[in-house]
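Asks: Here you go, sequence then predicted model.
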Amino acid sequence: MNAKEILKSHILKTAQLTDEQFDYLFSHFKPLSFKKGQAIISEGDKVENEYFVVSGCLKAFFINDEIKMYILQFAMPTWWTSDYGALYNHTRATISVDCISDAEVLCLSNDDREKLCREIHQVEHFFRWRTNRGYLASQKRLLSFMNNDTKARYEELLALYPQLYNLVPKHLIAAYLGVSRETLSRLYNAQK
């Protein structure tokens with residue numbers, strides 16, 4: 001499937017759009033290609049867009065004052081990412097987004113998303129549904145960090161996203177789980 005078909009299939013799972021409405025929606029997206037390791041958003045950038053992943057894998061992350069990386073999200077195909085705090089509040093980025101692998105994305109500006117939501121109720125419904133799902137996923141992850149040990153968090157991650165283990169380098173999965181590479185290796189080897 002091409003990028004347009006992938007996006008259409010994704011949106012139509014939640015919102016009912018006519019072909020004309022979808023074509024109009026799609027006309028507001030800009031296709032972009034990025035190479036492995038390339039930054040899409042860097043700390044301090046002005047953030048005006050969100051990104052729908054067509055292919056490849058991205059990560060959204062924060063680096064603290066001690067130069068420790070905290071991974072907030074992996075974005076696989078049909079996932080969305082950005083620094084949403086900066087996007088919605090019109091502030092500079094505190095979260096960076098870069099490419100774990102070569103990636104194809106569709107870029108949608110905040111202004112265009114808001115315009116589309118005003119013009120087409122089903123588009124507003126889709127973005128509200130997507131935002132709610134993202135919020136719930138964040139809550140679930142936070143609760144997992146508060147209640148589960150490392151092994152349980154690792155098993156939960158693999159159960160939810162089995163393809164992640166083949167897409168993402170192990171040191172990044174370790175950073176996402178908040179553990180060392182050695183701990184992740186022990187968990188992985190114990191499952192074999």
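Replies: Great, that's in hand.

Asks: going forward, measure contacts and count neighbours with C-alpha atoms only.
Replies: Noted.

Asks: pLDDT-wise, which helix or strand of this protein ranks last?
Replies: Within the chain, no helix or strand scores below helix 181-191, which has a mean of 73 by mean pLDDT, DSSP states H and E.

Asks: What ranges does this protein have for its strands?
Replies: Taking DSSP state E to define them, one finds strands in the chain at 30-34, 39-41, 49-55, 58-63, 69-75, 80-81, 96-99, 103-109.

Asks: so where is this structure shaky, pLDDT-wise?
Replies: Low-confidence segments of the chain, defined by pLDDT under 70: 188, 191-192.

Asks: which one's the longest helix in it?
Replies: Longest helix of the chain, by residue count under DSSP state H: helix 121-147.

Asks: Mind giving me the packing neighbours of that one?
Replies: Applying 3 or more C-alpha pairs under 8 Å, 6 or more residues apart in numbering; DSSP states H and E, one finds that helix 121-147 makes contact with helix 110-119.

Asks: Pull the residues that contact the helix it packs on.
Replies: Helix 110-119 is touched from outside by 25, 28, 48, 49, 50, 87, 88, 123, 124, 125, 127, with contacts defined as C-alpha atoms under 8 Å, 6 or more residues apart in numbering.

Asks: Compute the inter-axis angle for that helix and strand 103-109.
Replies: Relative orientation of helix 110-119 versus strand 103-109 (axes from the mean of the first three to the mean of the last three C-alpha atoms, to 10 degrees): 70 degrees.

Asks: buried sites along helix 110-119?
Replies: 110, 113, 116, 117 (16 or more other C-alpha atoms under 10 Å).

Asks: Next, format those as a markdown table and append distance to residue 13.
Replies: Below are the buried residues of helix 110-119 laid out as a markdown table (distance: C-alpha to C-alpha, whole Å):
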| residue | distance to residue 13 |
| --- | --- |
| 110 | 22 |
| 113 | 18 |
| 116 | 18 |
| 117 | 17 |
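
Asks: And those residues, which is closest to residue 54?
Replies: residue 113 (18.0 Å; C-alpha to C-alpha).
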